[in-house]
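> got a predicted model here, sequence first, then my questions.
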Amino acid sequence: MSPSAAATTKSTAASTINAVTIKDLRIVVDSSGEDIVDEVNLAIAPGEVLGLVGESGSGKTTVGLSVLGHARRGVRLAGGSVHIGDSSMLELDDKQLRAARGHLVSYVPQDPSTSLNPALRIETQLMEVMEFHGFGESNEARRERAVEVMGEVLLPGTRQFMRRYPHQLSGGQQQRVGLAMAFACRPSVIVLDEPTTGLDVSTQAHVLTTIRQLTSVHKVAALYVTHDLAVVANLADRVAVMYAGRIVEQGPTRTIFDDPQHPYTRYLTAAAPDISGDHTIVGLRGRAPSPGKRPVGCAFALRCELAIAECHEVFPAVTEVAVGHTVRCYRAGDVPDRTLAKGVQFGSSSTEGIALALRNVCCSYTGLQVVHDIDFEVHQGECVALVGESGSGKTTLSRSIGGLHRDWTGDIILNGSPMERSSRDRPTAQRLSIQYVFQNPYSSLHPRRSVGESVARPLRVAGVGKHEAQRTVGEMLEKVSLNASYAQLYPDQLSGGERQRVAIARSLVSRPSVLICDEVTSALDVLVQAAVIELLLQLQRDLGLAMLFVTHNLPLVRSLAQNVVVMADGKIVEFGPTDHVLAHPTEEYTKRLLADTPSITQALTSGTLASKPRRAISPE
Amino acid sequence: MSNRWGLMKFIGRRLFLGVLTLFIVSIFIFAATQALPSDAAQSVLGRNANPERVAVLREKLGLDKPLLNQYFHWLWGLVRGDPGRSMSNDVPILDFISARVVSSLFLLTLASAISIPLSLLIGAVQARRRDKTFDQISSFSMLALASIPEFVIGVILVITFATVQWKLLPAVAQFGTDRAWQHLDQMVLPTATLVLGAVPYISRVTRAALIEVLDSDYVEMARLKGAPERTVLWRHALPNSLGPVFQVIALNIAYFAGGVIVVEYLFNYPGIGGALKDAVGIRNIPVIQFLVMILATVYVLVNLIADVATILVTPRLRTRVS
């Protein structure tokens, strides 16, 4: 987008002078000179929230940090400009940069648990921002401001609370401290780097409301970096979509969701699970080119079904399709007319035999009972989602079912026969017929075993011969949409999505009757997540699997499971058909969970968070 | 303060465990010296010794009594602060060892007082200027230094500063009944040898710990808050890198305590290292037992101090013990 176009975007507010203007930003890898961000043009007005959306590795965080004139180790801000007011951030010397950071522009990091200094009290960390910048006349004035800003982020400003160390706070509280530090000196620009990624939905809802309030009340321009479209739909005034280091589309939030012009944006919105609306998520194969390895022409062309010869030669120029809505695509006009391939629909609820039944299951952790009296069933060919926030006991329960956690009582019945507590005590056949896929594909595959060896492992345990195992592994890899040649590769040669496919292949190779998926997509980007979900649904239908899908992601459940079990504090609070539970929750907890889950559809139909009735925010 | 109380409890528990460790060590020492199948009296006097003299010595050492008796007699002596009498000249061990213990402690303190700040400084500068010239040159020379055995370092120092090259410093320590600090010129080379042996390790760990912390999210965050580099280093980075540094310092001090043997021998320094060497040479068993117990105590104490110090600089641990 050209700066002039950016300026016209805010034609509604005639007086706007942009708080931040990024022009032709180019960021390169220091050693090789390869660019990881190029031709980025952005402008944000005071009080406006711009959502910068992209997959991991798209360069969105790098752009965010450049607004503070910061580049991580090995990366160099090589060209273009970033202006905040009169300050040209890329031309300041060290001293001027220090004066600007935290005062003129501040940063809210992704992971509050690692971004707060574990050795310092939060009081110290909050007060020091103001001390660095000489904010406030005296120590007393600064202390007053500290208490005030703690109130703004809905934290107690009591001395006792302020003297805590970061590890004595919850994740949500830590992130609020991060926000308080960012807002303490009343900056004019704030960069938020996925600040709610690790948080529960209710905490996320709180934090988002706080961000929305603070930016609009104090007229702070916010750059909100994220991969979560539902959050963007609820928070941002405008959205810029990044792919492989360049902005491919930019426009008002509603337009981006209702009328995406770039095929990539179209895929992104199609892949995002949504809590409301009956929408099946659609994935996309392939992966984005890694930083600096961008092909000539449009980087998305390789994955794009609309690509024409030109796409592979020259990256298209910026086209303004409507006021404030720009796109870089030759086929821009054609996109909205095409309907995407229909996603996989799940079958109706199964009445076939019970594959897995839980009777009065209680699990304990270091002597303390954390899961109480769980009863539910999973039928053959059915997917049941086990939903809960962190600490609800859902993972402990699923690990107990898998025999990985042995401290439980009650009965877990697999195909009619009760199972031993620990997987070690279960007969091989039983062990093989209940399989587990772990959350993090980066740590669940043996790094020194080839894909083929890893996938063959369950077969070898079952006593299948080497050659036959090899053949079956090849077939299985094809089934998870990899190909047989992947058997030679090692995990570090694969992307996250590919690794998770391998993990799925490993779990299915022994023809289990029950598959437990523990947050299997939470480490993956949205497009990859959609593809993995598609695959799981396909396999589940083809193989008649009973699946227990453990997740904290309610929107995902909508596109996945026939039945849902909602857990809180180690108990089942609600159980029933997914559509029914999500549409007509009866329990207070489920209602609250649903209300806190950001929804794209709702955000677009009823406006952004700010206009929705929200929890009361304490006045300044 | 509940906080302080928790820490006291922790220290108390660790002290108890330390005493337990020493108790087990005492069993090993006893087993390895006095209770060996070969007759201690025989091995002291030599194979061709007069049987009557052997018998006299056996009685004097209490070797004719049951093993358990011998052990508890010795242990009780240690607890009361009476390690017994030296076998070679029949004087109480404490009389001639205590001066040596003091000398050795002085050497250890001096070496620690120089090597710890020096290594921290080198490590910090290396970490701050990672991969720059100073880091590369000093890292390389530290590695080279670490690969040279102490006695070679000592010999090189003696050749360079005391004998062949320049005759600046005394090559051996000879202060007779004087205290070590009355002859500081004689301390220079032994101390330097120990320092040169320890600095590579401590500085290397400091560098690694500090680099890890400097790469952390909270240090990046501090910079993005506009913190001056000085504050970043001293307030945000250093306190978080002290844990592993304390541990390696403890290891080194403990090593000083044992590793002085070679150095003391080299410079003929009248410390416990020299005494231990002499005692082993003439199989002066009570002295060996006592000195090894002293070394073990230093080990246990230094490690305890390092653990407590680590807890004090780590709020997460500090709040857990309370």
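Perfect, I can see it now. Computed from a predicted structure; not experimentally measured. Residues are numbered from 1 along each chain as shown, chains lettered A, B, ... in the order given.

> hey, let's count contacts and neighbours off CA atoms from now on
OK.

> can you map out the helices along chain B?
Taking DSSP state H as the test, the helices found in chain B are B:2-32, B:40-45, B:51-61, B:67-80, B:93-128, B:133-146, B:150-161, B:184-214, B:217-224, B:229-231, B:238-266, B:272-281, B:285-313, B:315-321.

> out of these, which gets nearest to residue A:260?
Evaluated with CA to CA, those place helix B:217-224 nearest to residue A:260, the distance being 34.7 Å.

> for the closest one, give the mean pLDDT please.
Averaged over helix B:217-224, pLDDT sits at 95.

> contacting residues for residue B:126?
Residues near residue B:126 by CA atoms under 8 Å, 6 or more residues apart in numbering or on different chains: B:134-135, B:138-139, B:207.

> try 6 Å this time
residue B:135 (CA atoms under 6 Å, 6 or more residues apart in numbering or on different chains).

> tell me how many other residues surround the residue of the stretch 401-550 of chain A found nearest chain B.
When scored by CA to the nearest CA, the stretch 401-550 of chain A has residue A:523 as its residue closest to chain B, at 19.5 Å. Using other CA atoms under 10 Å in any protein chain shown, residue A:523 has 16 neighbouring residues.

> which per-residue confidence value corresponds to it?
Turning to residue A:523, the model gives it a pLDDT of 76.

> if I look at the residue lying closest to it once chain neighbours are set aside, how far off is residue A:517?
Excluding the flanking residues, the one nearest residue A:523 by CA to CA, 6 or more residues apart in numbering or on different chains is residue A:440, at 6.1 Å. Separation of residue A:440 from residue A:517 (CA to CA, to the nearest Å): 11 Å.

> so which bits of the stretch 101-250 of chain A are right by chain B?
Residues of the stretch 101-250 of chain A lying close to chain B by CA under 6 Å from any CA of the partner chain are A:101-102, A:114-117, A:119, A:129.

> how about the closest residue to chain B within the stretch 301-450 of chain A, what does it touch?
For the stretch 301-450 of chain A and chain B, the shortest gap (CA to the nearest CA) falls at residue A:366, measuring 17.0 Å. Residues near residue A:366 by CA under 6 Å, 6+ apart: none.

> a helix runs through residue A:120, doesn't it?
No: counting by DSSP: H, G, I helix; E, B strand; the rest coil, residue A:120 falls outside a helix, being coil.

> quick one on the thing from earlier: mean pLDDT lowest for which of the helices of chain B?
Here the helices of chain B differ in mean pLDDT, and the lowest is helix B:40-45 at a mean of 70.

> ok, and the closest non-adjacent residue to residue B:248?
Leaving aside its chain neighbours, residue B:248 sits nearest to residue B:202 (6.1 Å; criterion: CA to CA, 6+ apart).

> now swap in residue A:405 and tell me
Nearest non-adjacent residue to residue A:405 (CA to CA, 6+ apart): residue A:399, at 5.3 Å.

> repeat that for residue A:85.
Residue A:85's closest residue in space is residue A:19 (CA to CA, 6+ apart), at 5.9 Å.

> show me what contacts the one you found?
A:44-46, A:84-85.

> of the residues you listed, grab the buried ones for ChimeraX.
Remark: buried members of the contacts of residue A:19, expressed as a ChimeraX selection using 16 or more other CA atoms under 10 Å in any protein chain shown:
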select /A:44,45,46,84
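
> as CSV, the contacts of residue A:19 with distance to residue A:175 and pLDDT would be great.
Shown next, in CSV, are those (distance: CA to CA, whole Å; pLDDT from 0 to 100):
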residue, distance to residue A:175, pLDDT
A:44, 24, 95
A:45, 25, 94
A:46, 23, 94
A:84, 25, 94
A:85, 28, 87
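
> which of the contacts of residue A:19 sits closest to chain B?
Chain B lies nearest to residue A:84 out of those, by CA to the nearest CA, at 15.4 Å.

> what's around the spatially closest residue to that closest one that is not a sequence neighbour, how many residues?
In this structure, residue A:84 finds its nearest non-sequential neighbour in residue A:20, 4.7 Å apart by CA to CA, 6+ apart. Residues near residue A:20, counting by other CA under 10 Å, number 26.

> what does the one 3 residues further on give?
Residue neighbour count, defined by other CA under 10 Å, stands at 19 for residue A:23.

> and it, what pLDDT?
94.

> so it touches residue A:83, yeah?
No: Residue A:23 lies out of contact with residue A:83 (CA atoms under 6 Å); the separation is 8.4 Å.

> where does chain A dip in pLDDT?
Regions of chain A meeting the criterion pLDDT under 70 cover residues A:1-16, A:276-280, A:285, A:291-292, A:335-351, A:606-620.

> for it, list the residues in contact with chain B, please.
Residues of chain A lying near chain B by CA under 6 Å from any CA: A:98, A:101-102, A:114-117, A:119, A:129.

> ok, those vs residue B:162, which is closest?
Relative to residue B:162, the closest of those is residue A:119; by CA to CA it sits at 47.6 Å.

> mind listing what the closest one touches?
Taking CA under 6 Å, 6+ apart, we find residue A:119 in contact with residue B:315.

> next up, phi/psi of it, please.
phi -90, psi 0 (degrees, to the nearest 10).

> distance to residue A:589 for the helices of chain B - can I get that in TSV?
Below are these laid out as TSV (distance: least, CA to CA, whole Å):
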stretch	distance to residue A:589
helix B:2-32	37
helix B:40-45	79
helix B:51-61	79
helix B:67-80	65
helix B:93-128	51
helix B:133-146	57
helix B:150-161	69
helix B:184-214	41
helix B:217-224	35
helix B:229-231	46
helix B:238-266	40
helix B:272-281	71
helix B:285-313	41
helix B:315-321	33
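
> please flag which of the contacts of residue A:19 sit within strands.
Among the contacts of residue A:19, the members found in strands (DSSP state E) are A:44, A:84.

> between the contacts of residue A:19, which is nearest residue A:427?
Nearest to residue A:427 out of the contacts of residue A:19 is residue A:44 (CA to CA; 62.0 Å).

> beta partners of the closest one?
Residue A:44 has the following beta-bridge partners by DSSP bridges: residue A:20.

> can you tell me the element residue A:156 falls in?
Counting by DSSP states H and E, no helix or strand carries residue A:156.

> distance of it from residue B:217?
Distance from residue A:156 to residue B:217, counting by CA to CA: 25 Å.

> more neighbours, the two?
Neighbour count, other CA under 10 Å: between residue A:156 and residue B:217, residue B:217 has more, with 19 against 15.

> give me the nearest residue to the more buried one, chain neighbours excluded.
Closest residue to residue B:217 apart from its sequence neighbours, by CA to CA, 6+ apart: residue A:115 at 4.8 Å.
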